[in-house]
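Student: Mind folding the following:
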Amino acid sequence: MRVIACVNQKGGVGKTTICANLAYALSVQGKRVLAIDLDPQAQLGQSFGLFQNKRPGVDQVLAGKKGFAEVVQELSQTLGFISAGPSLQRLESTPMGKGRGLLLKKALKNANLDYDFVLLDCPPSSGFLVVNALAMANELLTPVTPDYFGLSGVSTLLATVKNFEKMLGKYNKHWLVVSRMQKRKLTDDVMKKLEHYFPNNLVSVQIAERAVLAECPSHGRPVQAYAPNSASSKDFAVLAETILSGEAT
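Tutor: Here you go, the predicted model:
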């Protein structure tokens with residue numbers, strides 16, 4: 001099972017957009033996918049039409065009260081979802097103690113889940129929830145905006161990842177996906193730097209800043225369901241194919 005954490009300590013880079021639409025795109029291609037909302041803002045479910053989702057979720061798994069299989073909501077034959085849950089905000093401030101960063105990893109080991117992919121939508125932080133996501137995942141996907149703040153955010157995250165790899169071993173893959181793409185001179189400069197420093201991580205398709213991506217969450221549908229013929233829909237189809245192939249370029 002491929003467990004991919006969508007993670008970046010910088011906010012506003014499109015983690016939830018990419019996590020939701022990639023999960024759906026992989027499921028459309030026949031893969032069994034489980035999307036987990038690890039962000040206390042709990043916006044991932046809205047992308048799937050779950051606007052008032054108060055059901056127990058990953059908060060109960062972290063609290064040791066339920067297993068993963070008990071809190072899954074099956075959205076289709078190939079797509080499952082686990083909500084953040086109403087108490088996840090409180091858990092975000094949980095002090096780190098011995099073994100606290102391995103709660104999700106242990107819960108997954110004890111679960112009998114039948115999925116090809118698990119995608120984790122992480123909060124823009126480096127606390128308890130992200131630590132658990134990094135420990136649980138065997139792959140990382142980092143959305144990065146094509147600006148210098150985005151570039152700086154990647155550098156900060158990579159330092160964190162290296163520390164985790166010393167303790168847990170190397171991740172199978174660390175994908176970098178350029179999101180909120182806009183055509184401008186600054187973008188060209190940043191893209192050249194990303195291509196130079198991360199040639200084996202940078203995915204060839206970019207997720208452009210388009211109105212359709214901003215619209216579809218309010219309709220509770222991923223872009224491939226909301227606007228199947230749109231350029232954004234095609235971008236996520238290519239991204240899913242890239243992840244399936246295991247090659248960034």
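
Student: What about residue 228, how many residues nearby?
Tutor: Neighbours of residue 228 under the rule other Cβ atoms under 10 Å: 12. C-beta here means a position set from N, CA and C on the backbone, and glycine is covered the same way.

Student: Correction: the previous question concerned residue 15.
Tutor: By the other Cβ under 10 Å criterion, the neighbourhood of residue 15 contains 27 residues.

Student: which residue ranges form the strands in the chain?
Tutor: 2-6, 33-37, 73-74, 79-82, 117-121, 139-144, 173-178 (DSSP state E).

Student: Tell me which of these sits most buried.
Tutor: Relative to the other members of these, strand 33-37 carries the highest mean neighbour count by mean count of other Cβ atoms under 10 Å, namely a mean of 28.

Student: Over that strand, what's the mean pLDDT, rounded is fine.
Tutor: When pLDDT is averaged along strand 33-37, the result is 98.

Student: quick one, what contacts the residue lying closest to residue 230 once chain neighbours are set aside?
Tutor: What sits nearest to residue 230 in space, not counting adjacent residues and going by Cβ to Cβ, 6 or more residues apart in numbering, is residue 212, at 5.0 Å. Under the criterion of Cβ atoms under 8 Å, 6 or more residues apart in numbering, the contact list for residue 212 reads 223, 226, 227, 230, 232.

Student: From what I see, the third one and residue 216 are in contact.
Tutor: Yes: taking contact to mean Cβ atoms under 8 Å, the distance of 7.0 Å between residue 227 and residue 216 places them in contact.

Student: just checking, what packs against the lengthiest helix in the chain?
Tutor: As assigned by DSSP state H, the longest helix anywhere in the chain is helix 148-168. Contact here means 3 or more Cβ pairs under 8 Å, 6 or more residues apart in numbering; DSSP states H and E; on that basis helix 148-168 packs against helix 128-136, strand 139-144, helix 185-197.

Student: So which of those is nearest residue 8?
Tutor: Nearest to residue 8 among the helices and strands packed on helix 148-168 is strand 139-144; the distance by Cβ to Cβ comes to 5.1 Å.

Student: Show residues contacting that closest one.
Tutor: Counting by Cβ under 8 Å, 6+ apart, strand 139-144 makes contact with 2-8, 13-15, 17-18, 22, 134, 150-151, 153-154, 157, 161, 171-179, 194, 207, 243, all of which sit outside it.

Student: Also stretch 22-37?
Tutor: Under Cβ under 8 Å, 6+ apart, the answer for stretch 22-37 is 6, 19-20, 43-45, 48, 57-58, 72, 76, 78-84, 113-121, 141, 222, 224-225, 236-237, 239-241, 243-244.
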